[in-house]
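J.: sequence below, structure please.
(chains A and B)
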Amino acid sequence: MSNLLKIAIRNLLRYKRRTLLTASLITVGVVFVLVFISVSSSFKNMMIGQITDSVIGHLQVHRKGYVASIENLPLNLNLKAGAAAKLENILNKQLEIESYSPRIKFGGMFSNFVETTNIRLNGIYPDKELKTVPLLASRVTDGKRVLDKGDIWIPELLAKGMKVKVGDTIVVVATNKDGSVNGKQFIVSGVLESVTGPGGRDGYIHIDDAMEVLRMEEMGISEIAIRLKDFGKLNSFSKKLDGLLSKELNQQDKPVFELHTWEKLSPFYNIARMIDVMTFFIKLMLIAIVLISIMNVMIMAVYERIREIGTIAAIGTLPGKILNMFVIEGFCLGIVGAVIGNVAGIVLIFILNTLKITFNFGQQQGLILQANVNPADIAAISVTVIIVSIIASLQPAFKASRMEPIKALRHV
Amino acid sequence: MSLIAAKGIDKEYQTGEAAVKALKGISFEIAPASFVSFIGPSGSGKTTLLNLIGCLDKPTKGKLEVADTDVLHLDRKQSALFRGNNIGFIFQDFNLLPVLTVYENIEYPLLMVQSAPASERKKRVTALLNAVGMIDQKDKYPDQISGGQKQRVAIARALVTNPKLVLADEPTANLDHKTAYMVIELMKKMRDEFRTTFIFSTHDQKIVGEAEIIFTLEDGNLLDRHVEGGKRNE
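T.: Below is the predicted model:
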């Protein structure tokens, strides 16, 4: 094999310019794909992180049927205390869970005593909520990052529109599930940066205040947001928890709970999917580049060396060895392209990160591009390039190995 | 006992719709360690006959045995193995591999065809480099040596596997007369040294006389078998 490799390398060096051009083409393809994958996956991960860590959490559990009516924030579909306790009991036993946060979600009227508008509010346990969606505190652009009873965090668009500042007193009026109206004064303790996606423009109050506004004698939970220790285990854990929750049945023998991952709750999952599809097509382009360039160069190599093929075949070289000789040439081209491409790609990604390129995502502006090189991506790209190089060499190599020595020797 | 035994060999080529008979019922025998030449004008069938003997092609009709093997029934792989173990080739255009040095070109059949161990390869290649007077040029590439030197390397490459038979199709066609004569002399010397049968084709009358047995071909027919000067008898 080492002798075949030596001959293959010397043959590649024999046509330096052509080899350089082909290897360069593969290199450019690898660099392009590596940089695209790094940037797009970083963007995707940032987007998912923003959505899950700011608002949604990794998973949410609701009472069955709640999500279908989530736009109305139906209080009558909240989990009753008993069901919520059962749910918390199940969640407490799951080692995969980092934290969870019960929420009471409701819609109300927001008044600064001059103007009134509508608002969507989340009643939360601040300590649990900040563990479950850790970016929530960083969204407080003005005010304090601690939410006490009697405080309210309001979205910045509302603050601007209603000309409300931190420290102002406002009133929240809401209708409870029985239809009676109640109001409560709050001190604006923080203004929240808006984030794109569901719940990105909600206000926050303490859960006890929410119960008071809604005149709840017994706590009714709208949802429980869950954060996992390892986001990579989302799907497996989701299946496991779904299995556990589906065993909890109501009096009609129907499931009490419904579980949704962030993917089902956020429309941005489709953007994430689109990025995956684009990445797939970019990879297909790389395959096409490698396939066509290597096949082209190997067809040329076989054509130019027909007499040599005839000579080695006449001498007694077996067809299999002739095939290997040409396949190894393609393999070497693939290796060179993959190695140089990966190194160049990593350098380019490092430069991109050094430049601290910023971009906007929905309402969030000035997010810094942090392209990460995933070793698995490098391995996948390298393996793909090498395999495609071998496949591309096969046809010309097979042709060379099947050549009749007598015809090959006559070739001019 | 014959090294080569051909009986009633026909070779027909299809060119378009017409069939061309390149060899017509040729029969001959060649003994081991002979120094044989096939002569005749262009198109007489010399190359076709050498190709058949060299298992590069198969006769349309007849019987051909080389080194006690019925070569008509060898498949592609068996033919390659047979050539690798029994036949050496010398080509008109030398056909050295340009990416290999002189040493590596000679070593190639031992390495890539016979997979001989390194010590044996070194021993045999060095012996042949000395025999053909190319030891000083062993690290040069084919494009760094002259035509005559290339043919010396080709002779060494043909002999390195210790074949029973070496076939040379017009080995001197691209050489000047002096070099051509030296090449033929070298081939003869190698025959004497290694007891290998050499068969070459030529239409160069000046070197024909160097052969010990001369077969004359014309229009696909074997016209004459001539033993030169009693230098060697079958």
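
J.: assign the nearest residue to A:Ala408 once chain neighbours are set aside to helix, strand or coil.
T.: Leaving aside its sequence neighbours, A:Ala408 sits nearest to A:Gly310 (CB to CB, 6 or more residues apart in numbering or on different chains; 2.8 Å). Where you see a C-beta, it was placed from the backbone N, CA and C, and this is true even at glycine. Per DSSP: H, G, I helix; E, B strand; the rest coil, the local secondary structure of A:Gly310 is helix.

J.: surely A:Gly310 and A:Ala400 touch.
T.: No - using CB atoms under 8 Å, A:Gly310 makes no contact with A:Ala400, being 10.1 Å away.

J.: ok, the two, which is more surrounded?
T.: A:Ala400 (27 against 22; other CB atoms under 10 Å in any protein chain shown).

J.: surely B:Phe38 meets B:Leu49?
T.: Yes - contact criterion CB under 8 Å: B:Phe38 and B:Leu49 qualify, at 6.1 Å.

J.: dump the residue contacts of the nearest residue to A:Leu228 once chain neighbours are set aside.
T.: The spatially closest residue to A:Leu228, leaving aside those adjacent along the chain, is A:His58, at 4.9 Å (CB to CB, 6+ apart). Applying CB atoms under 8 Å, 6 or more residues apart in numbering or on different chains, we find A:His58 in contact with A:Thr52, A:Ile226, A:Arg227, A:Leu228, A:Phe231, A:Leu234, A:Thr261, A:Trp262.

J.: now A:Thr358
T.: A:Gln365, A:Gly366, A:Leu367, A:Ile368, A:Leu369.

J.: near chain B, anything from stretch A:5-21?
T.: Yes - judged by CB under 8 Å from any CB of the partner chain, stretch A:5-21 comes into contact with chain B at A:Ile7, A:Arg10, A:Asn11, A:Arg14.

J.: can you say which of these are buried?
T.: Buried members of the residues of stretch A:5-21 next to chain B, counted by 16 or more other CB atoms under 10 Å in any protein chain shown: A:Ile7, A:Arg10, A:Asn11.

J.: for chain B, name the helix or strand with the lowest mean pLDDT.
T.: The least trusted helix or strand in chain B, going by mean pLDDT, DSSP states H and E, turns out to be helix B:205-208, with a mean of 78.

J.: find the centremost residue of chain B, please.
T.: B:Leu167 (1.0 Å; CA atoms, centre = their mean).

J.: ok, how many other residues are close to the single nearest residue of the stretch 101-250 of chain A relative to chain B?
T.: Residue nearest to chain B within the stretch 101-250 of chain A: A:Gly232 (49.3 Å; CB to the nearest CB). Residues lying near A:Gly232 (other CB under 10 Å) number 9.

J.: so what sits against both of B:Phe38 and B:Leu49?
T.: B:Ser201, B:Leu217.

J.: A:Leu249 versus whatever residue of the stretch 301-412 of chain A ends up closest to chain B, what's the distance?
T.: The stretch 301-412 of chain A approaches chain B most closely through A:Gly316 (2.3 Å), counting by CB to the nearest CB. A:Gly316 is 78 Å from A:Leu249, where distance means CB to CB, to the nearest Å.

J.: then B:Gly40?
T.: 100 Å.

J.: more neighbours: those two, which one.
T.: B:Gly40 (22 against 11).

J.: can you pull up the bridge partners for the nearest residue to the more buried one once chain neighbours are set aside?
T.: Computed as CB to CB, 6+ apart, the closest residue to B:Gly40 that is not its neighbour in sequence is B:Leu217, at 3.7 Å. B:Leu217 has the following beta-bridge partners by DSSP bridges: B:Leu222.

J.: my guess is B:Leu217 contacts B:Leu223. True?
T.: Yes - A contact is recorded between B:Leu217 and B:Leu223 when judged using CB under 8 Å, the distance being 6.8 Å.
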